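Trainee: With the sequence up front, the predicted model follows.
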Amino acid sequence: MNAIADAPIDEARRRWLIATTVAGGIAGVAVVTPFAQSFRPPASAVAAGAPVTVDIGHVQPGDMMTAAWRGMPIFIPNRTDSMLAAVRAADPFVADPHSERPFSMPLPAYCNNAYRSRTERRNLLVMVGVCTHLGCTPSPRFQPGPQPNLPDDWPGGFLCPCHGSTYDLAGRVFKDKPAPQNLDVPRYRYASTNSVVIGEDEHGRA
């Protein structure tokens, strides 16, 4: 028996590899911006689950950037008014519209609202980009309308390429999909107009 082949894959390393290999574009107005190397936390910080500070000043409306925290990709889309309207329109079609069934972390109280974001900056969503089915990384598909692997009435959101789970523009899973729960929202706070601290809020660290 090959001991190396049979060795279990470290979960944190697996998620880190997912985070660092996220690639591809977004149809329409949305653009994925790779996270800067300077914001990648050291391995010791990842292991300890330390908060990370991310520069969000360059994320334009309709765009999204990806950061990393605890070895996981963190999606930070800057939603336009039309994207926020699509969130409200999706309420009847998502499995858990009020995020009453958390996946691996509780929804912060300040994000317990229609947009799953802080009310002072409701356009900015901060969420873990790990599918709640088997841990793949969903792809942003912000452009509404017919397109491959999506329904003709697609409102915009995220598509998991592994097994077809779809999430709306607030990270809520649509009904009758393999993924059982919404994407996680970690604790976070704004350190300034152009920076967000992930993994920590006014109540302490996650």
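Mentor: Looks like it arrived, so ask away.

Trainee: Quick one: the helices in the chain, in order.
Mentor: 3-6, 11-20, 43-48, 81-89 (DSSP state H).

Trainee: now the first one: mean pLDDT?
Mentor: This means helix 3-6. For helix 3-6, mean pLDDT is 40.

Trainee: re earlier: in terms of mean pLDDT, which of the helices of the chain ranks lowest?
Mentor: helix 3-6 (a mean of 40).

Trainee: pLDDT weak spots in this structure?
Mentor: Low-confidence segments of the chain (pLDDT under 70): 1-48.

Trainee: quick one: the strands in it?
Mentor: Remark: strands assigned in the chain by DSSP state E are 32-33, 52-55, 64-69, 72-77, 127-128, 139-141, 157-159, 166-167, 188-192, 195-198, 200-201, 204-205.

Trainee: Next, the buried residues of the second one.
Mentor: In this case it means strand 52-55. 52-55 (16 or more other Cβ atoms under 10 Å). Yep, even glycine has a C-beta here, placed from its N, CA and C like the rest.

Trainee: and it, what other elements does it pack with?
Mentor: Judged by 3 or more Cβ pairs under 8 Å, 6 or more residues apart in numbering; DSSP states H and E, strand 52-55 is in contact with strand 64-69, strand 195-198.

Trainee: again, but for the fourth one
Mentor: Packed against strand 72-77, as judged by 3+ Cβ pairs under 8 Å, 6+ apart, are the following elements: helix 11-20, strand 64-69, strand 127-128.

Trainee: Now do the second one against strand 188-192, angle only.
Mentor: Taking axes from the mean of the first three to the mean of the last three Cα atoms, to 10 degrees, one finds strand 64-69 and strand 188-192 inclined to each other by 110 degrees.

Trainee: Pairing partners for strand 64-69, with directions?
Mentor: strand 32-33 (parallel), strand 72-77 (antiparallel) (DSSP bridges).

Trainee: Reformat those as a markdown table; add distance to Leu107.
Mentor: Output for those, formatted as a markdown table (distance: least, Cβ to Cβ, whole Å):
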| stretch | distance to Leu107 |
| --- | --- |
| strand 32-33 | 25 |
| strand 72-77 | 15 |
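
Trainee: Tell me if I'm right that Thr80 and Gln60 touch.
Mentor: No. Counting by Cβ atoms under 8 Å, Thr80 sits too far from Gln60 to count as a contact (9.7 Å).

Trainee: So if I had to pick from these two, which one is more boxed in?
Mentor: Set Thr80 next to Gln60 and count neighbours by other Cβ atoms under 10 Å: Thr80 wins out with 19 against 14.

Trainee: just checking, Gly62 touches Met83?
Mentor: Yes. If you go by Cβ under 8 Å, Gly62 and Met83 touch, sitting 7.3 Å apart.
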